[in-house]
Structures are given as C-alpha cells and as structure tokens.
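In: Fold the following.
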Amino acid sequence: MRISQEADYALRIVGHLSKIGEGKRCDAKSIARDAHLPQRFAVKILRKLNLAGITKSYRGAYGGYAVNRNPADITFLEVVECIDGPLYINKCLMDIKKCSDGSAGNCITRKRLQVINTKICEMLKESNFSDYMEK
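Out: Numbering: from 1, shown residues only. Okay, here's the model as predicted:
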C-alpha cells in the first residue's frame, strides 16, 4: 500500500488551509507556492476536495479556497480516501475473488492483513488537522 503523490499533495493543501484558519481564503497560486506543489495539481486536487466538502471555493475578486469545516473535524483518512479511494494493503481485502492462494479469502494471511489494514485506517482517522490551526 502506498498513498499516492496526489493524496500527499491533498494532505499538504488541507494542512496549509487549516494553518491559515477556518473560513479564511487563499488563492490556488498561493496554496501551491506555500504547500510546495505544482499549481496545476493544486487546482485539480482542490476540485476533488471541494466535491468531498472538505474545502470550499469562492469566486470573485476576493475568492479563493478555504477549509469547509473545523480542521479538527477533518481526518487524514477522509482526505486520502477523497483522492485515492478506500485504502487496502492487499488486493484480496478489496475483492475476495482476487485471493492469490485460491482459498477464497479464508487464509490466515488475509485475516491478519485485514487486522493491520483496519489499524492503519483507524490511525489515519484519528489524525486530524487540529495541529495545523493557528494558535
């Protein structure tokens, strides 16, 4: 399992917007510069974050982007899954028909991987953007 570069960028974007404060707007160019990522990816990712309700876009001269909720209520898991979809450390956890040993998912390996996968997801769900907020 590997979080994609796009998901990494999304975490940085949400972290940056959380740092400037809930409801405070920032344009895509500044987000890209301050989060150290290409602007074209920032815009693409911000569209996905907007659709998921994590960020909100504003039009006009004073437009830009802002986190749509309190950063403490936005989890790392939510951001990663917004970009990459559900996390699975092995393809058999996603689809039991993809079991490589032919045991239809009844193997000990799958059961153990399921426990590990669940713990990883729980840790990502427990991590939020409250540490990024202005203090």
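In: all contacts plus neighbour counts: C-alpha atoms, from now on.
Out: OK.
In: Give the full set of residues in contact with the residue most central in space within the chain.
Out: For the chain, Val79 is the residue whose C-alpha lies nearest the centre (C-alpha atoms, centre = their mean; 2.0 Å). Applying C-alpha atoms under 8 Å, 6 or more residues apart in numbering to Val79 gives the contacts 7, 10-11, 49, 54.
In: ok, now Ile13?
Out: 31-32, 35, 42.
In: Report the buried residues of the helix or strand hosting it.
Out: Secondary structure assigned from DSSP states H and E places Ile13 in helix 5-20. Neighbour-count burial for helix 5-20 flags 6-7, 9-20 (criterion: 16 or more other C-alpha atoms under 10 Å).
In: Check what pLDDT Glu134 gets.
Out: pLDDT, Glu134: 59.
In: ok, then the element right after the helix or strand bottoming out on mean pLDDT in the chain?
Out: Taking mean pLDDT, DSSP states H and E as the measure, the chain has helix 91-94 as its least confident helix or strand, at a mean of 71. Proceeding N to C from helix 91-94, the next assigned helix or strand is helix 108-126, under DSSP H and E.
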